[in-house]
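Enquirer: Output the structure for:
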Amino acid sequence: MKRILFCCLPILVVCVYAVSAGELPPLALENGENRIALTLVNASGSDIPTVSASVDNANIPAWLSVQSETGAINAPKGTRTQEKLFLIFTLKDAPAGAETVVPLTLSDALGNTWSYRVTIRADAPRPLPDALIWNFPNPFNPDTAISFSLASGRSVSIAVYNALGQKVRTLVDGPRAAGKHTVRWDGHDDAGRSVSSGVYFCTMTAGKYRNTMKMLFAQ
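Expert: Numbering: from 1, shown residues only. Below you'll find the predicted structure:
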């Protein structure tokens, strides 16, 4: 069996590591969406093609769901992947301190599988601000994930503008619950046309809060 080292990078930039298959260090997550990035380090002597991650949601409690956000990535031999696998762990009405063990499986195109267990603990809720957090990757091609948070449930607008200040795409326009959220932009405008490479601006408006960040679409 090939050997994969495996890094989980939560959106709050807290890293945990594990070697080979087995038990992973626990993750303390908050209610709402928690985006986890998986970086693979192929320590074997051969390439590992099209690695994907999956979770069996049938074996986890009702307060937790896990969604794979990325299809698959390649892990060339002896390298740490620049591409990442992304998982969204969503906690809904989880009591503080509640725990569960999540079975996580990596598989490749050759039929190899790696099984992991990660303990998820519901962290005590902490006040969140209204904030446009970041987008990743940046520069990006073909798409990027935009993260934001809301202090309370309210109507929010997130839109993308070009360098001339013209609106290109409306990503969010309506009520969202309090907590952390992620929305993707696929490099297309509201009419479904692919935009040209260049600098774009993402603006979030929620009540009195308004913020803009710069994004680079590089074809």
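Enquirer: Check which element follows the strand or helix carrying Val101 along the chain.
Expert: Val101 belongs to strand 99-107 when elements are defined using DSSP states H and E. Where DSSP H and E defines the elements, the next helix or strand beyond strand 99-107 is strand 113-122.
Enquirer: Okay, angle between that following strand and strand 99-107 too, please.
Expert: 150 degrees (axes from the mean of the first three to the mean of the last three CA atoms, to 10 degrees).
Enquirer: what bridges to the residue nearest in space to the middle of the chain?
Expert: If you average the C-alpha coordinates of the chain and look for the closest C-alpha using CA atoms, centre = their mean, you land on Arg35, 3.7 Å from that point. Note on Arg35: beta-bridge partners Ile88, judged by DSSP bridges.
Enquirer: so what's it up against?
Expert: With contacts taken as CB atoms under 8 Å, 6 or more residues apart in numbering, Arg35 has the following neighbours: 10-11, 69, 86-89, 145, 147, 180, 182. Any C-beta I mention is one placed from the backbone N, CA and C, and that applies to glycine too.
Enquirer: Buried ones from those, can you make that a ChimeraX selection?
Expert: For anyone working in ChimeraX, the buried entries among the contacts of Arg35, judged by 16 or more other CB atoms under 10 Å, can be selected with:
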select :10,11,69,86,87,88,89,145,147,180,182
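Enquirer: Which residue in the contacts of Arg35 has the weakest pLDDT?
Expert: Taking pLDDT as the measure, the contacts of Arg35 have their low point at Ile11 (31).
Enquirer: okay, and for the protein, where does confidence drop off?
Expert: Along the chain, segments meeting pLDDT under 70 span 1-22, 124-126.
Enquirer: Tell me which stretches of it form helices.
Expert: Using DSSP state H, the helices of the chain do not appear at all; there are none.
Enquirer: If you drop the residues flanking it in sequence, what lies closest to Asp190?
Expert: Distances taken as CB to CB, 6 or more residues apart in numbering place Arg169 nearest to Asp190, at 5.4 Å, with adjacent residues excluded.
Enquirer: And for Pro61?
Expert: With CB to CB, 6+ apart, the residue lying closest to Pro61 is Thr100, at 5.3 Å.
Enquirer: Look up how far Ser65 lies from that neighbour.
Expert: Per CB to CB, to the nearest Å, Thr100 is found 11 Å from Ser65.
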